[in-house]
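Asks: For reference, the sequence and a predicted model appear below.
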Amino acid sequence: MSSNRETPVLIASLLITAGLIGGGLWWFSRSGDFNLGSLMGGNTPSATTPNNSDSTLATTGVETFAQVDSVPAGVFAYGGSTTWAPVRGTVDSILTQVHPSFQLRYTNPIGVPPGSGTGIEMLLSNQISFSQSSRPLNAEERQRAEQQGYSLKEIPVAIEGLAIAVHPDLAVEGLTLTQLRDIYLGSLTNWSQVGGPNLAITAVSRPGAGGTVEFFVDTVLGGSPLAASVRTAGTTTEALRLVSDTPGAIYYASAPEVVGQCTVKPIALGHEANALVQPYAEPYVPPSACPDQRNQLNREGFRSGDYPITRRMFVILREDGSADQQAGEAYAALLLSRQGQDLLNEAGFVPIR
């Protein structure tokens, strides 16, 4: 009989003890000093600082270069796209002033022209710490990295457009993308075929290793190769000089390299002839007013996508846990800070944030 009377008491004691333990665990978990998941052997999310591979995510609220954490010390070689030249000339020098122990050295490839493709090749060959690219990674590059035991990561930092340059006196205000494609495929050979004067078209391009050329071929030409009649210029400077000296010439390049020039005319592009968009902000500044005044980029058209040929600019790095990876992530984080985005805007590119 006594055991029957003790049973309810034992049950009540157990219930009280369980309640006390549960309440204590609840209180500790609320205080943040206790991880219930770790006690139980599980993995629960924690509000820790993102690791290095996600460091660029932490730049959303970062205002200045000085506020960017995890910038490594050392000399880091980098290379890649010629489109990035304005960034290397201005932005990079400022960020290294703020972080003087973070020393950057641009490295040209040996025996081939610089460009996005050659920069990624140098990264895959461990010749540089990270690369600047004006196109995304392709499947072959990703596969080569995987075969070497790591992944390649691309971090977008800005937007820019491609602009089309013609001779200042050419009486053509714009082209559709189809007309532009047919010019570079060799189907259109005279400006009279697109409403211009009876004048032979001289299409000009840079060599095919650069990111701009690869992007143009993939995006505008649909992957078809440039026509054999297209003239090749070694650099954009050489190409623009050729256009300014040749009444029927046409050339494509990064918009910041074209729009502000005094010796060529940027023309409008569009999907349809009645919806052409200028790569510059209105009103147009004629060559006669240059260099006192220069045309400015149509940043709003690039940002909104109304201008038909835009692309993102990337920092490319190896995800291999090395100091080079940290350098590439820090460089991207610096460019994604508010100061970095403002400086990219001043350099002629459209901020991505």
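Replies: It's in. Numbers count the residues shown, from 1 in each chain.

Asks: need the contact list for the closest residue to Ser224 other than its chain neighbours.
Replies: Spatial nearest neighbour of Ser224, excluding adjacent residues (Cβ to Cβ, 6 or more residues apart in numbering): Leu185 at 6.0 Å. Where you see a C-beta, it was placed from the backbone N, CA and C, and this is true even at glycine. Leu185 is in contact with Leu221, Ser224, Leu226, Ala227, counting by Cβ atoms under 8 Å, 6 or more residues apart in numbering.

Asks: So the third one, which state does it fall into?
Replies: Using DSSP: H, G, I helix; E, B strand; the rest coil, the three-state assignment for Leu226 comes out as coil.

Asks: and what of the first one?
Replies: Reducing the assignment to helix, strand or coil with three-state DSSP, the entry for Leu221 is coil.

Asks: Just give me the neighbour total for the spatially closest residue to it that is not a sequence neighbour.
Replies: Distance criterion Cβ to Cβ, 6+ apart; nearest residue to Leu221, sequence neighbours excluded, is Arg181 at 5.7 Å. Using other Cβ atoms under 10 Å, Arg181 has 18 other residues around it.

Asks: now do Glu329
Replies: Using other Cβ under 10 Å, Glu329 has 25 neighbouring residues.

Asks: for Arg88, same thing?
Replies: By other Cβ under 10 Å, the residues close to Arg88 number 18.

Asks: Likewise for the one 10 residues further on?
Replies: By the measure other Cβ under 10 Å, the count of residues near Val98 is 15.

Asks: returning to that earlier point: which residues touch the residue nearest to Leu221?
Replies: Val220, Leu221, Gly222.

Asks: Among the residues you listed, which one has the most neighbours?
Replies: Val220 (20 neighbours).

Asks: Ala273 touches Leu177, doesn't it?
Replies: No - using Cβ atoms under 8 Å, Ala273 makes no contact with Leu177, being 10.6 Å away.

Asks: those strands in the stretch 51-200 of the chain, which residues are they?
Replies: 74-80, 102-106, 130-133, 151-166, 174-176 (DSSP state E, counting those that start in this stretch).

Asks: Can you say which of the ones you listed is packed in most?
Replies: Ranked by mean neighbour count, those are led by strand 130-133 with a mean of 28 (mean count of other Cβ atoms under 10 Å).

Asks: For it, give me every contacting residue.
Replies: 76, 78-81, 84, 87-88, 116, 119-120, 122-123, 154, 211, 313-318, 324, 327-328, 331.

Asks: give me the low-pLDDT residue ranges for the stretch 151-300 of the chain?
Replies: For the stretch 151-300 of the chain, the stretches flagged by pLDDT under 70 are 209.

Asks: Swap in 50 and give it another go.
Replies: Low-confidence regions of the stretch 151-300 of the chain, defined here as pLDDT under 50, do not occur.

Asks: coming back round to it: quick check: which of the strands of the stretch 51-200 of the chain is nearest to Ser244?
Replies: Nearest of the strands of the stretch 51-200 of the chain to Ser244, taken as Cβ to Cβ: strand 151-166 at 8.7 Å.

Asks: can you give me the helices in the stretch 151-300 of the chain?
Replies: Applying DSSP state H, counting those that start in this stretch to the stretch 151-300 of the chain gives helices spanning 177-184, 211-219, 236-245, 255-258, 299-304.

Asks: would you turn the contacts of Arg181 into CSV with distance to Pro308?
Replies: Formatted as CSV, these follow (distance: Cβ to Cβ, whole Å):
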residue, distance to Pro308
Val220, 9
Leu221, 14
Gly222, 14
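
Asks: between those, which is closest to Ser288?
Replies: Val220 (31.0 Å).

Asks: any idea how far Thr178 is from the closest one?
Replies: Val220 sits at a distance of 10 Å from Thr178 (criterion: Cβ to Cβ, to the nearest Å).

Asks: which residues of the stretch 1-150 of the chain score low on pLDDT?
Replies: 1-58.

Asks: circling back: out of the contacts of strand 130-133, which sit inside helices?
Replies: Residues from the contacts of strand 130-133 lying in helices, with DSSP state H as the criterion: Ser116, Gly119, Ile120, Met122, Leu123, Gly211, Asp324, Ala327, Gly328, Tyr331.
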